[in-house]
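**Q** sequence first, then the predicted structure:
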Number of protein chains: 2
Amino acid sequence: MTLHQNLYLQDILSEPESLRTALDRYAAQTLTDAAARLKRGEFSNVVLTGMGASYCAAYPTWLRLTALPIPVSWVETSELLHYAPGLVNARTLLVVISQSGRSAEILSLISGEEAVHPALLVGVTNDLESPLAQQAQVVLPIHAGPERTVSTRTYLNSLATLLLAACQLLESPLEPARTALRAAADSGEAFLAHWEEQVSVFRHGLGLPQRMIIAGRGSSLAAVMNGSLILKEAAKVAYEGMSAPYFRHGPLELADENLTLWMFAGAAKTRDLNRDLAVEAQRWGARVLWVDDQPDLALQTLLIPAVDDLARPLVEILPLQLYSLAAAELNGMEAGTFRRIGKVTDRQ
Amino acid sequence: MTLHQNLYLQDILSEPESLRTALDRYAAQTLTDAAARLKRGEFSNVVLTGMGASYCAAYPTWLRLTALPIPVSWVETSELLHYAPGLVNARTLLVVISQSGRSAEILSLISGEEAVHPALLVGVTNDLESPLAQQAQVVLPIHAGPERTVSTRTYLNSLATLLLAACQLLESPLEPARTALRAAADSGEAFLAHWEEQVSVFRHGLGLPQRMIIAGRGSSLAAVMNGSLILKEAAKVAYEGMSAPYFRHGPLELADENLTLWMFAGAAKTRDLNRDLAVEAQRWGARVLWVDDQPDLALQTLLIPAVDDLARPLVEILPLQLYSLAAAELNGMEAGTFRRIGKVTDRQ
């Protein structure tokens, strides 16, 4: 079977179209009532929760929502359920993200003996028949269509849907955000049009390094975390993602000729901090891939489309998805095909 | 130079004594006023922040404090500073953990243009002359003494000091907690007395696997995260730590004969969930090390001392510290000696 027929690749290539669908169908009135209640002081805090790719997808929205006058938490559902249920009380706005709407942890959280009881449950899901969609007072459909294996469209559409939801809760205008995200979908489509060349460059130029770390900060951590996750799922390779400052506080000790470091340039305000660290790791002998929207003379740059700050997470994941195709092939695996898990995680 | 003369080993072996010092010197009146203000509703939220080992050390305390009636956040200082400063406002109880009290991110957070202005700043530090100790309204010294390389005593003493602080904020009696933590220091000492045998077992029986993942949940995540960090710093090996449920939601795809999985049994309430996952990974061919205080007939068990739930994080890190000694040797490195970074991270 050639890569062209691979279902996971087909899912990746269909992301831009699917993203446009999610953006176009996002209903402006969805969170109007929740935003009004928030403004009236009816909520004491906001909690964003999910597992796996859904958990990663919520990170940029968590950072944005910390600008709200009430505290906002981002927490794995498993930890929330067993060890931190006190974060949710009768005045909490709880946002649960689950493409299937039926992961084991999600079911326990929203129903049954251990269920929490928030002021408002918002469900972000791809399955409108799921328990999450049925229990939620407000449902945000992600319109990703059926997905067979590793999260691709569901990840990106969750990311985009949550960013639009954040605009509503922050009372920031929806249409400019929608326009910026749509532009990123178009730029991403242009980027993916060269998938074959890009995969080939990864296959021959990068290969399967002995050790690889993926780093960034701010909203780039969504791609850092999700990239590390999909490389394990789709290619069965174990490369860790971490924040760039965490890398400086210890793992920089790994920097030598056996280390490959992906560093996301990210937003302008912390770009120079990331760049200094990338240059330092390179000086110690590490191979560095600098992921930015402009070339850098001192670093091997992996160019991604230039987009609005809000939309950067949508394009930052794309090179990691394409790398996962090359890595799977080099690792002797059929990219994106599950051998151990199912599409829905029905056990905790 | 033999391992017996290694400074990092000496630091590890001095942990129990240092822990007892920190526990004995913790002053019961330290947070009395803060606890009273909390009870009077003067704080709207609590934020725990740090970098590296200090960040890991705060995790069990974060989980405990989520039982408070106000929201509690646990966040890397770098992200708080640049992307989530809104989490701290004039009604926030901010707890900053930094053994040096002068990491670059800490300095920016507590002074200078980007500084936040909480209702109360509590500093948990090993250096009473540091900027953090000088700026904080309440200082919790960790009494770890001078430490030359990788965090050992400073990690454990931060962990223990924070757990006692949590008791005070939760209005839970201090003395039983102090007694439970002291018992763990004694049990840890008995465990470390066999360090040479344990290191030898790791050297010959475990070696340097191609891929290793360290997993657990709840308060075990402190050892999972800090263990992954010190293996990189002390032994220059890249093994990832993650939550057990996160492992189930994707990375379980890695399970085959090339994977070694450390799984912490952890607290009784989620022990069976972790065990089922460990057994499943083993069925797929992975080598599993089950870290528990009682032997398990179906899994290769790494026995740690049986201690109170509160104190478990103090003993869970010990086998990972001893493994880092074996791993460094097998990797041709002098254990715990920095080659790239300094003891104080003075750049962001």
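**A** Perfect, thanks for sending it.

**Q** please make it C-alpha for all contacts and neighbour counts, starting now.
**A** Will do.

**Q** residue numbers of the stretch 1-150 of chain A in contact with chain B?
**A** Within reach of chain B by CA under 8 Å from any CA of the partner chain, the stretch 1-150 of chain A has these residues: A:45, A:51-52, A:63-64, A:66-69, A:71-73, A:78-79, A:82-87.

**Q** let's see which of the residues you listed end up in helices.
**A** A:52, A:63-64, A:78-79, A:82-83 (DSSP state H).

**Q** wait, isn't residue A:337 in contact with residue A:231?
**A** No. Using CA atoms under 8 Å, residue A:337 is not in contact with residue A:231, being 11.9 Å away.

**Q** in terms of neighbours, single out the busier of those two.
**A** residue A:231 (28 against 21; other CA atoms under 10 Å in any protein chain shown).

**Q** I'd like to know how many residues surround residue A:306.
**A** Residues near residue A:306, counting by other CA under 10 Å, number 16.

**Q** residues touching residue A:276, list them.
**A** By CA atoms under 8 Å, 6 or more residues apart in numbering or on different chains, no residues touch residue A:276.

**Q** returning to what we had before: among the ones in helices among the residues of the stretch 1-150 of chain A next to chain B, which ones are buried?
**A** By neighbour count, with 16 or more other CA atoms under 10 Å in any protein chain shown, those hold A:52, A:63-64, A:78-79, A:82-83 as buried.

**Q** list just the nearest of these to residue B:286.
**A** residue A:52 (21.2 Å; CA to CA).

**Q** quick check: that closest one vs residue A:14, distance?
**A** 21 Å (CA to CA, to the nearest Å).

**Q** same thing with residue A:82?
**A** From residue A:82 over to residue A:14 the distance is 37 Å, taken as CA to CA.

**Q** next one: residue A:67
**A** Distance of residue A:67 to residue A:14, given as CA to CA: 33 Å.

**Q** next: residue A:77.
**A** For residue A:77, the distance to residue A:14 - CA to CA - is 29 Å.

**Q** same question for residue A:139.
**A** 24 Å.

**Q** what of residue A:2?
**A** 18 Å.

**Q** compare these two and say which one has the larger neighbour count.
**A** In this view residue A:2 and residue A:14 are compared by other CA under 10 Å, and residue A:14 has more residues nearby, 16 against 6.

**Q** and that one, what does it touch?
**A** Neighbouring residues of residue A:14 by CA under 8 Å, 6+ apart: residue A:153.

**Q** can you check the pLDDT for it?
**A** Residue A:14 is assigned a pLDDT of 97 by the prediction.

**Q** I'd say residue A:66 and residue B:85 touch.
**A** Yes. The pair residue A:66 / residue B:85 is scored as a contact, 7.5 Å apart, by CA under 8 Å.

**Q** show me chain A divided up by domain.
**A** Domain ranges of chain A: A:3-188, A:194-330, per automatic domain parsing.

**Q** run the chain-centre distance for the first one.
**A** Centre-to-centre, domain A:3-188 and its host chain are 11 Å apart (CA atoms, centre = their mean, to the nearest Å).

**Q** quick one: the strands in the stretch 101-250 of chain A?
**A** All strands of the stretch 101-250 of chain A, identified by DSSP state E, counting those that start in this stretch, fall at A:120-125, A:138-141, A:211-216, A:240-243.

**Q** can I get those in TSV with mean pLDDT and mean neighbour count?
**A** Formatted as TSV, these follow (pLDDT from 0 to 100; neighbours: other CA atoms under 10 Å in any protein chain shown):
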stretch	mean pLDDT	mean neighbour count
strand A:120-125	98	24
strand A:138-141	98	21
strand A:211-216	98	24
strand A:240-243	98	22
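
**Q** quick one: which of the ones you listed is nearest residue B:111?
**A** Per CA to CA, nearest to residue B:111 of the strands of the stretch 101-250 of chain A: strand A:240-243, 22.9 Å.

**Q** other SSEs contacting the closest one?
**A** strand A:211-216, helix A:221-235 (3 or more CA pairs under 8 Å, 6 or more residues apart in numbering or on different chains; DSSP states H and E).

**Q** parallel or antiparallel, list what pairs with it.
**A** The strands beside strand A:240-243 in its sheet (DSSP bridges) come out as strand A:211-216 (parallel).

**Q** dump the partner strand to PDB, keeping only the CA atoms.
**A** Presented in PDB, the C-alpha positions along strand A:211-216 are these (Å, rounded to 0.1, in the frame of the first residue of the first chain):
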ATOM      1  CA  ARG A 211      16.800  11.500  20.900                       C
ATOM      2  CA  MET A 212      14.300  14.200  20.000                       C
ATOM      3  CA  ILE A 213      12.700  16.900  22.100                       C
ATOM      4  CA  ILE A 214      10.000  19.200  20.900                       C
ATOM      5  CA  ALA A 215       9.900  22.600  22.700                       C
ATOM      6  CA  GLY A 216       8.100  25.900  22.700                       C
END
